[in-house]
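Participant: Would you be able to build a 3D model of this:
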Amino acid sequence: MLDNYHIENILFLDIETVPQYPEHDHLPENYSGLWKKKASQLSRIEKFNTDDKANPDEIYDRAGIYAEFGKIVCISTGVMRNKTLWIKSFYSDDEKELLAGFTDMLSKLKQKNINYLCAHNGKEFDYPYLIRRMLINGIDVPAILDLSGKKPWEVTHLDTMELWKFGDFKNYTSLELLATVFNIPTPKDDIRGSDVARVYWKENDLLRIVAYCQKDVATIVNLFLRFKGIPLIGDDAIQIVS
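Facilitator: Purely as a prediction, here's the structure:
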């Protein structure tokens, strides 16, 4: 499977996002009203259009899922070279700073013979989120991310969740579930995605989030290797680039 894709031509990535503010009460007045509308929409979708309304404050921890109300705090990337996974992370409280570093790296991918991006649920989340936050921060979208004007076969975005569907239309399949199915060490041994906002805003521990994000990248790489029928890489074959 995936014989047309050489793993050394792929940049694997994962992002971690949080709400832009620590609490709902910190939202500027105009954003507070807009989040109230968003919370109402979510309530109708999740409660099957009943009259029950979700309290905007109660579900504000989920604001990080939406690029209009969240921000990126970490982007971890990985490339395979000589059976070693090299992981580099871009992280900062200043989103524009980390996005600038990430886009600078993306601009040099062709020189390193990297032609594809790969993420888990990347087409639904990571790629569009990155593009939206780049535009909001006034950063030019790199060519490898930009879909405008491209034909479907010109898009070089890979998605391990989409690959697992094989044309089926089943619901979301988590990275944790696939890691378990394929006997890949789980990245959820410390925190989970639902913990990221709390760890960032309450515990002020960005480095813990970075470590979690890097583990996700390693898991995505191993899942891709499983798809290709190639042996997994262990921790001894992972190098973190400072």
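
Participant: List the buried residues for the lengthiest helix in the chain?
Facilitator: Looking across the chain with DSSP state H, the single longest helix is helix 206-228. Going by neighbour count (16 or more other CB atoms under 10 Å), the buried part of helix 206-228 is 206, 208-227. (C-beta placed from N, C-alpha, C; glycine too.)

Participant: cool, stretch 190-210 as well?
Facilitator: Buried residues in stretch 190-210 (16+ other CB under 10 Å): I191, G193, D195, V196, A197, V199, Y200, W201, L206, R208, I209, V210.

Participant: still on that earlier bit, partners of the helix or strand that comes right after the longest helix of the chain, with directions?
Facilitator: Using DSSP states H and E, the next helix or strand after helix 206-228 towards the C-terminus is strand 238-241. Here strand 238-241 is paired, per DSSP bridges, with strand 84-91 (parallel).

Participant: For the strand it pairs with, which outside residues touch it?
Facilitator: Identification of contacts with strand 84-91 by CB atoms under 8 Å, 6 or more residues apart in numbering yields 73-80, 98-99, 101-102, 105, 206-207, 209-210, 213-214, 217-218, 221, 233, 237-241.

Participant: Identify each of the helices in the chain and give its residue range.
Facilitator: Counting by DSSP H, the chain has helices at residues 29-46, 95-106, 127-136, 160-165, 175-181, 196-201, 206-228.

Participant: Just the buried positions in the fifth one, please.
Facilitator: By neighbour count on 16+ other CB under 10 Å, the buried set for helix 175-181 is L175, E176, L178, A179.

Participant: so where is this protein shaky, pLDDT-wise?
Facilitator: 44-54, 187-189 (pLDDT under 70).

Participant: Who does the residue nearest the centre of the chain form a beta bridge with?
Facilitator: Closest residue to the average C-alpha location of the chain: I15 at 3.3 Å, with CA atoms, centre = their mean. As for beta bridges, I15 partners with I75 under DSSP bridges.

Participant: re the thing from before, please dump the buried residues of helix 175-181 into CSV; it should also carry distance to G64 for every row.
Facilitator: Shown next, in CSV, are the buried residues of helix 175-181 (distance: CB to CB, whole Å):
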residue, distance to G64
L175, 17
E176, 19
L178, 23
A179, 23
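
Participant: Quick check: the two most widely separated of those?
Facilitator: Greatest spatial distance among those (CB to CB): E176 and L178, at 7.5 Å.

Participant: now the longest helix of the chain and strand 84-91, what's the angle there?
Facilitator: 140 degrees (axes from the mean of the first three to the mean of the last three CA atoms, to 10 degrees).

Participant: ok now do I230, which residues does it touch?
Facilitator: Going by CB under 8 Å, 6+ apart, I230 touches I7.

Participant: so how far is D3 from it?
Facilitator: Counting by CB to CB, to the nearest Å, the gap from I230 to D3 is 11 Å.

Participant: E97: neighbouring residues, count only.
Facilitator: Residue neighbour count, defined by other CB atoms under 10 Å, stands at 13 for E97.

Participant: for D93, same thing?
Facilitator: By other CB under 10 Å, 11 other residues sit near D93.
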